[in-house]
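**Q** Sequence and computational prediction follow.
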Amino acid sequence: MDDLTRAAFGDDPGRWPLPAATTPLGAWHRAVAAGGQGRYASGFADLDAVGRSPGAPSVASLALSTRASFLRQLGRHVDARSWDGRALALAGTDAEARADALIGLAADALGIGRFRASGRLLQRAREVVGDASGRAKRRGKPPRGRSPVRLGWVSAELAMFTGDGEAALGHAERAVELAASTGSVRHAVKSDVVLAAALCSAGDADASRRVADTALEVTQRLGLVPLSWALACLLLDIGSAAHPPDRIAAIRDETADAVRRRGGVWAGR
């Protein structure tokens, strides 16, 4: 695993500065790693480089999905939809790219309150992920990869938004389990963020608080600014056992400001 892959999907998500990319795939990995740290200007520049480079349509599709993901992180779900749609058109038969685009479209629909559409898109994504997992099992390999984890995140979020805390918790716990097998520290801690929210939705504020406080320590240590912001927002609502409210509010404001300084434009700003 090279340095950019480790930063994007491995054990070194806080690495900065990142090494230069020499291929479109490397530029995509570099963008993913930068986005995880809230360095959106850098991430968008690398995604632009992928778009200008000849190469596999599947990598271009993944880059478009990542652009949409950045926009969703900034609350811009309407803006994200067209990029996810373009990603799906480019994905072809590539299972990872197709799943990324469908899951992204489901998250876009969820963010604007189109819950039924989100559910239908998640079902389509499950079929793609299930087919890929079935092929892996037939080859004697365990199903792996990001797609099942991301599917768990958005499935949990949809259940939370529609008032089914028990289902949300089941999806979130499955995502935590799957993330542990990917080797991605960022996916593991993002799964904990979703789990903390699901526990709150299911009515277990004490467990939610414990998970969120632990995850916040990890995101702060690794410089995963967008996830730190999300956790601070949650902990302002339910209270932290590790920090007083003014410290949590400061983390929320500091991370939001860091996103602005690093090229992120929040929705409505």
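**A** Structure's in. What do you need?
**Q** Which residues does stretch 83-100 contact?
**A** Here stretch 83-100 makes contact (C-beta atoms under 8 Å, 6 or more residues apart in numbering) with 57-58, 60-62, 64-65, 67-68, 71, 101-102, 104-105, 108, 125, 128-129, 131-132, 145-147, 150-151. For glycine as for every other residue, the C-beta is placed from the backbone atoms N, C-alpha and C.
**Q** Could you give the average pLDDT over that stretch?
**A** Averaged over stretch 83-100, pLDDT sits at 97.
**Q** mind checking the end-to-end distance for that stretch?
**A** In stretch 83-100, first residue to last residue: 12 Å (C-alpha to C-alpha, to the nearest Å).
**Q** Ok, stretch 69-80 next?
**A** End-to-end for stretch 69-80, by C-alpha to C-alpha: 7 Å.
**Q** just to revisit the earlier point, for PyMOL, write the select line for the buried members of the contacts of stretch 83-100.
**A** If you want just the buried ones from those in PyMOL, going by 16 or more other C-beta atoms under 10 Å, the selection is:
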select buried, resi 58+60+61+62+64+65+67+68+71+101+102+104+105+108+125+128+129+132+145+146+147+150+151
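**Q** Mark which of the contacts of stretch 83-100 are part of helices, please.
**A** Per DSSP state H, helices hold the following members of the contacts of stretch 83-100: 57-58, 60-62, 64-65, 67-68, 71, 101-102, 104-105, 108, 125, 128-129, 131-132, 147, 150-151.
**Q** So what's the residue count around D213?
**A** 18 (other C-beta atoms under 10 Å).
**Q** separation between it and L235?
**A** According to C-beta to C-beta, to the nearest Å, D213 stands 7 Å off from L235.
**Q** cool, and P24?
**A** Computed as C-beta to C-beta, the P24 to L235 distance reads 39 Å.
**Q** next one: S155
**A** With C-beta to C-beta as the criterion, S155 and L235 are 24 Å apart.
**Q** Over to D108?
**A** For D108, the distance to L235 equals 26 Å [C-beta to C-beta].
**Q** now do R261
**A** Going from R261 to L235 by C-beta to C-beta gives 23 Å.
**Q** Likewise for G26?
**A** Going from G26 to L235 by C-beta to C-beta gives 36 Å.
**Q** In terms of residue numbering, what are the domains of the chain?
**A** Taking automatic domain parsing as the criterion, the chain consists of the domains 1-55, 70-143.
**Q** Minimum distance to C200: which of the ones you listed has it?
**A** The minimum distance between C200 and those falls on domain 70-143, with 17.3 Å, by C-beta to C-beta.
**Q** chain center to the closest one, what's the gap?
**A** Going by C-alpha atoms, centre = their mean, to the nearest Å, the spacing between the C-alpha centre of domain 70-143 and its chain's C-alpha centre is 12 Å.
**Q** And stretch 181-199, by the same measure?
**A** 9 Å.
**Q** out of the domains of the chain, which comes closest to S201?
**A** Closest of the domains of the chain to S201 is domain 70-143, at 13.9 Å (criterion: C-beta to C-beta).
**Q** where do the contact lists of D213 and L235 overlap?
**A** In contact with both D213 and L235: H243, using C-beta under 8 Å, 6+ apart.
**Q** Alpha carbons of the helix or strand of the chain with the lowest mean pLDDT, in PDB - could you do that?
**A** Ranked by mean pLDDT, DSSP states H and E, the helix or strand of the chain with the weakest confidence is helix 115-138, at a mean of 83. Coordinates of each C-alpha in helix 115-138 appear next as PDB, following Å, rounded to 0.1, in the frame of the first residue of the first chain:
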ATOM      1  CA  PHE A 115     -37.000   9.600   1.900                       C
ATOM      2  CA  ARG A 116     -38.700   7.100  -0.400                       C
ATOM      3  CA  ALA A 117     -36.400   8.000  -3.300                       C
ATOM      4  CA  SER A 118     -33.500   7.500  -0.900                       C
ATOM      5  CA  GLY A 119     -34.800   4.100   0.100                       C
ATOM      6  CA  ARG A 120     -35.200   3.000  -3.600                       C
ATOM      7  CA  LEU A 121     -31.600   4.100  -4.400                       C
ATOM      8  CA  LEU A 122     -30.200   2.300  -1.400                       C
ATOM      9  CA  GLN A 123     -32.000  -0.900  -2.500                       C
ATOM     10  CA  ARG A 124     -30.300  -0.600  -5.900                       C
ATOM     11  CA  ALA A 125     -27.000  -0.100  -4.200                       C
ATOM     12  CA  ARG A 126     -27.600  -3.200  -2.100                       C
ATOM     13  CA  GLU A 127     -28.100  -5.200  -5.200                       C
ATOM     14  CA  VAL A 128     -24.800  -4.000  -6.600                       C
ATOM     15  CA  VAL A 129     -22.900  -4.500  -3.400                       C
ATOM     16  CA  GLY A 130     -24.600  -7.900  -2.900                       C
ATOM     17  CA  ASP A 131     -23.600  -9.100  -6.400                       C
ATOM     18  CA  ALA A 132     -20.000  -8.000  -5.800                       C
ATOM     19  CA  SER A 133     -19.900  -9.800  -2.400                       C
ATOM     20  CA  GLY A 134     -21.400 -12.900  -4.000                       C
ATOM     21  CA  ARG A 135     -18.700 -13.000  -6.600                       C
ATOM     22  CA  ALA A 136     -16.100 -12.600  -3.900                       C
ATOM     23  CA  LYS A 137     -17.500 -15.500  -1.900                       C
ATOM     24  CA  ARG A 138     -17.600 -17.700  -5.000                       C
END
